[in-house]
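> Got a predicted model here, sequence first, then my questions.
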Amino acid sequence: MAKKKVKDFPDLEKDTSSGAVINTNGNAFAARRKQIKLDKEKNSKIAQLEKDVAELKKLVKGLSKNNGK
């Protein structure tokens, strides 16, 4: 597998046989993976909060209907 440096990008190499561009900066790769994980966790928390708010709204509407009778 022959590799060639990508001009103006010291952390990237191109595999000449497959054409794939490879990031050789392990720290940047690990940091990106961590950021993706944090984003997924944040999105999951937001989705759960939205479900909780919807449930609370349903309960409040039910209470207001019962008190109105």
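Good, I have the coordinates.
> The closest residue to Thr16 other than its chain neighbours and Arg32, how far apart?
In this structure, Thr16 finds its nearest non-sequential neighbour in Ala2, 4.5 Å apart by C-beta to C-beta, 6 or more residues apart in numbering. Placement of C-beta: from N, CA and C, glycine included. Counting by C-beta to C-beta, to the nearest Å, the gap from Ala2 to Arg32 is 26 Å.
> Show me which of these two is the more surrounded one.
Using other C-beta atoms under 10 Å, the more surrounded residue of Ala2 and Arg32 is Arg32, with 12 against 8.
> secondary structure element for the more buried one?
helix 26-67 (DSSP states H and E).
> Likewise for Ile22?
Applying DSSP H and E, one finds Ile22 within strand 21-23.
> Going by neighbour count, list what's buried in that strand.
Under the neighbour-count criterion of 16 or more other C-beta atoms under 10 Å, strand 21-23 has nothing buried.
> and the angle for the longest strand along the chain with helix 26-67?
Criterion DSSP state E: the longest strand present in the chain is strand 9-15. Calculated by axes from the mean of the first three to the mean of the last three C-alpha atoms, to 10 degrees, strand 9-15 forms an angle of 100 degrees with helix 26-67.
> Partner strands of strand 9-15 and their direction?
strand 3-6 (antiparallel), strand 21-23 (antiparallel) (DSSP bridges).
> measure Lys3 to Asn27 for me?
According to C-beta to C-beta, Lys3 stands 19 Å off from Asn27.
> the more surrounded of these two?
The neighbour comparison of Lys3 against Asn27 (other C-beta under 10 Å) goes to Lys3, with 14 against 8.
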